[in-house]
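Participant: Test case, fold it:
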Amino acid sequence: MKIFPEEERSTYLKWLLIGLLVRLAFMPFTVHGDLVGINKYAFLLVQQGYVPPVRMDYPPLAYYTVGFFQFLFKPIMPFFGFALDSGEPLWGTSPHIFRYFFLLKSHYLIFDFGISFLLLRLINDKQKRLSAFRFWMLNPLVIFTCYLQGQFDILPTFFVVLSLYFVWKAKMGISLLCLGIGAAFKNFPLLFVIPALIFLGKDKIEKLKLLFWAAVPYLLFTFPYWGDPGFKRSITTGGGYDDILFNLRFAIGPHTVYIFVLGYAIILAFAYFQERAKTPQDAFRALWQTELVICLWFYATVFFHPQWTVWMMPVLILLVVGNKKLTSLYWVLTICIFVYTFWWGSLLSWWLFTYFDPGFFRALKSPGELISQFYPADKLIYIFRSLFSGISIWLIYHIFKGLRRIEEKE
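Facilitator: Predicted structure coming up:
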């Protein structure tokens with residue numbers, strides 16, 4: 001199977017090269033503490049055979065994968081390691097530090113470009129396919145999250161998109177298997193399992209079989225850590241934020257109603273009462289749009305970290321390609337997210353470049369401090385956060401309206 005259409009191969013290769021060069025430009029030169037942290041505990045896994053249970057912020061497969069690539073790159077990372085007693089990095093002053101930054105992010109390229117190639121398989125329209133590829137190659141949030149921060153959210157996102165690809169190919173069991181693998185990296189794909197069962201299972205028996213396929217990889221990779229407090233903390237979406245889904249709530253007498261759970265239940269009910277998909281392509285469309293709705297509702301109603309927005313990017317691109325008005329909203333959402341990063345101060349701005357010149361970059365004022373000279377930074381951040389939530393909710397309405405129109409035509 002050819003990766004790119006024959007008649008447009010040079011155009012696709014051009015955008016592929018541009019996207020690759022942008023990524024390579026950042027990979028060696030920036031680092032975030034989360035990249036160091038996950039590599040530290042993956043290193044302990046490689047050296048001692050286990051992840052310290054109280055420090056497990058993610059499901060185990062995340063550490064297994066990072067540890068595998070550490071082992072693979074060991075011959076060209078001679079000073080890489082962490083002190084087993086203090087956990088301090090032994091490579092912080094290594095002359096090869098920028099090489100290490102590059103290598104520790106390099107495997108993201110496999111999953112990143114894998115998503116771009118899958119998007120080409122999920123779009124039939126020639127023009128929309130090229131637009132989706134351009135969107136992904138120059139997606140500022142993907143580049144920022146993976147190659148400046150060094151966050152690994154692209155890995156579970158790849159398996160979610162791969163799951164959708166197998167729905168398109170009418171391989172429903174493998175689709176649920178991919179969701180289970182994705183959840184073994186980060187738990188958010190678990191939110192998509194029930195919609196998948198609704199859309200893909202023809203009857204109760206088939207739904208149980210599909211649930212089995214989703215559960216097997218997740219249980220297999222997590223079983224050794226079920227009793228550990230770190231894993232128990234990580235099973236809430238976000239790793240360590242025990243009530244992340246329950247931030248927004250209101251009281252009814254002595255009881256509490258959680259807004260995210262309320263909306264999630266409505267989304268599932270809407271999915272349940274839709275007409276059954278007649279073809280795998282219909283099921284694919286209904287599933288990816290429902291997954292996007294869940295993501296948008298999640299971001300609109302909980303405290304989220306900027307890297308989590310990578311989860312929705314492939315399906316958001318499927319929505320906006322070919323629609324100029326939606327494309328404008330896509331860029332507004334992107335701007336809102338970058339303003340939202342100012343809440344973390346210099347951690348997500350100048351300090352990413354600390355290893356160039358620690359004294360210089362740590363002395364710089366954060367974006368929020370610069371803004372506060374003219375306008376209260378917190379207020380500005382909250383305004384953009386509110387805009388993001390408002391647009392997200394409108395997009396949910398737009399998607400639901402489109403699904404109802406399809407049903408009425410059928």
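
Participant: Which residue ranges of the stretch 151-300 of the chain form strands?
Facilitator: Counting by DSSP state E, counting those that start in this stretch, the stretch 151-300 of the chain has these strands, from start to end: 249-252, 255-258.

Participant: Can you show me the helices along the stretch 51-200 of the chain?
Facilitator: 60-73, 97-106, 108-121, 126-137, 140-143, 154-168, 172-183, 193-200 (DSSP state H, counting those that start in this stretch).

Participant: May I see the buried residues of the third one?
Facilitator: If I follow you right, that is helix 108-121. 108-109, 111-120 (16 or more other Cβ atoms under 10 Å). (C-beta placed from N, C-alpha, C; glycine too.)

Participant: need those residues in TSV with distance to residue 332 and pLDDT, can you?
Facilitator: Formatted as TSV, the buried residues of helix 108-121 follow (distance: Cβ to Cβ, whole Å; pLDDT from 0 to 100):
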residue	distance to residue 332	pLDDT
108	26	97
109	28	97
111	27	97
112	24	97
113	27	97
114	28	97
115	23	97
116	23	96
117	28	95
118	26	96
119	22	95
120	26	93
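
Participant: Minimum distance to residue 359: which of the strands of the stretch 151-300 of the chain has it?
Facilitator: Closest of these to residue 359 is strand 249-252, at 44.4 Å (criterion: Cβ to Cβ).

Participant: Strand partners (parallel or antiparallel) of that closest one?
Facilitator: When pairs are called by DSSP bridges, strand 249-252 turns out to pair with strand 255-258 (antiparallel).

Participant: residues of the partner strand that come out buried?
Facilitator: residue 258.

Participant: And residue 35, how close does it get to residue 153?
Facilitator: To residue 153, residue 35 is 12 Å away according to Cβ to Cβ, to the nearest Å.

Participant: and these two? which has more neighbours close in?
Facilitator: residue 153 (24 against 19; other Cβ atoms under 10 Å).

Participant: Identify the residue nearest the more buried one in space, chain neighbours excluded?
Facilitator: The shortest distance from residue 153 to any non-neighbouring residue, by Cβ to Cβ, 6 or more residues apart in numbering, is to residue 310 (4.5 Å).

Participant: Same question for residue 149.
Facilitator: That would be residue 32: by Cβ to Cβ, 6+ apart, it lies 4.4 Å from residue 149.

Participant: Which pLDDT value goes with that neighbour?
Facilitator: Looking at residue 32, its pLDDT is 91.

Participant: was I right about it contacting residue 347?
Facilitator: Yes. Using Cβ atoms under 8 Å, residue 32 is in contact with residue 347, at 7.4 Å.

Participant: what about the two, which has more around it?
Facilitator: Comparing residue 32 with residue 347 by other Cβ under 10 Å, the one with more neighbours is residue 32, at 19 against 15.

Participant: show me the contacts for that one.
Facilitator: Counting by Cβ atoms under 8 Å, 6 or more residues apart in numbering, residue 32 makes contact with 148-151, 347-348, 352.

Participant: Just the buried subset of these, written out for PyMOL, thanks.
Facilitator: Per 16+ other Cβ under 10 Å, the buried members of these correspond to this PyMOL selection:
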select buried, resi 148+149+150+151+348+352
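
Participant: can you put the contacts of residue 32 in a markdown table and add pLDDT?
Facilitator: Converted to a markdown table, those look like this (pLDDT from 0 to 100):
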| residue | pLDDT |
| --- | --- |
| 148 | 95 |
| 149 | 94 |
| 150 | 94 |
| 151 | 95 |
| 347 | 91 |
| 348 | 92 |
| 352 | 92 |
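
Participant: ok, the contacts of residue 32 vs residue 173, which is closest?
Facilitator: residue 151 (30.1 Å).

Participant: Look up the closest residue to that closest one, ignoring the ones flanking it.
Facilitator: Residue nearest to residue 151 in three dimensions, not counting chain neighbours: residue 307, with 4.1 Å by Cβ to Cβ, 6+ apart.

Participant: Let me see the contact set for that neighbour.
Facilitator: Counted by Cβ under 8 Å, 6+ apart, residue 307 has contacts 145, 149, 151, 153.

Participant: of all those, which comes closest to residue 359?
Facilitator: Within the contacts of residue 307, the smallest distance to residue 359 is 22.0 Å, found for residue 149 (Cβ to Cβ).

Participant: Many thanks, we can stop here.
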